[in-house]
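Participant: Structure, please.
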Amino acid sequence: MKYFYMYESTDDVDANKFIEFINTNPDGELTVYINNYGGMNTGGWIMSDLINANKDRITLVAVGIIASNAFRVFFRAKCKRVIAPFTQGMMHFSSKKVTLCENGGPLYFEDQEAIRNMKAEAPITERWCKEIGMNEKEIRKMKRVEDVWFSTERLQELLAFSENN
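Facilitator: Numbering: from 1, shown residues only. The predicted model follows:
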């Protein structure tokens, strides 16, 4: 069994390292440990796509912190997922730039007023949050541009909900 540690960022550089890991290990089971504060959405999308393309042979293990884009990578994964004891999670809307994917294409908003408006109406992200089991209080907090932290127990609840829906 081969291991990959996703601990620096979910940016494009780390996505390229992950591509190389997948390409150099075309067969057999792979375990991906994620202890990460997030990063660029584009890198996260690449990692999510690769994990899902190899879902039958990847186990994704959250350890430590899964935050921001790393949270999304973990909860978008269709492979076997495990949350280690004492893992914490955090999800939020970016305070500098909002990137949402609509109809397959990214939308970028850098203007602060546009960001506030988009956050207030972010139906795509809100729908995804509901799909993984976030409650209204957690979603409202995110809409107020606050970080929403999740205990190990709450992460386990979200994982169970997302696996059953």
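Participant: The closest residue in space to residue 80 that isn't next to it in sequence: what secondary structure?
Facilitator: Distance criterion C-beta to C-beta, 6 or more residues apart in numbering; nearest residue to residue 80, sequence neighbours excluded, is residue 59 at 4.6 Å. Heads up, the C-betas are built off the backbone N, CA and C, glycines and all. The three-state label given to residue 59 by DSSP: H, G, I helix; E, B strand; the rest coil is strand.
Participant: Please give me every residue in contact with residue 59.
Facilitator: Neighbouring residues of residue 59 by C-beta atoms under 8 Å, 6 or more residues apart in numbering: 29-32, 79-82.
Participant: same thing but 7 Å
Facilitator: 31, 79-80, 82 (C-beta atoms under 7 Å, 6 or more residues apart in numbering).
Participant: Distance check, the residue positioned nearest the centre of the chain against residue 17.
Facilitator: Central residue of the chain (C-alpha atoms, centre = their mean): residue 72, 1.5 Å from the mean position. Using C-beta to C-beta, to the nearest Å, residue 72 is found at 19 Å from residue 17.
Participant: same thing with residue 40?
Facilitator: From residue 40 to residue 17 the distance is 14 Å (C-beta to C-beta).
Participant: Tell me how many other residues surround the closest residue to residue 12 other than its chain neighbours.
Facilitator: Nearest residue to residue 12 in three dimensions, chain neighbours excluded: residue 43, at 4.7 Å (C-beta to C-beta, 6+ apart). Residue 43: 22 surrounding residues under other C-beta atoms under 10 Å.
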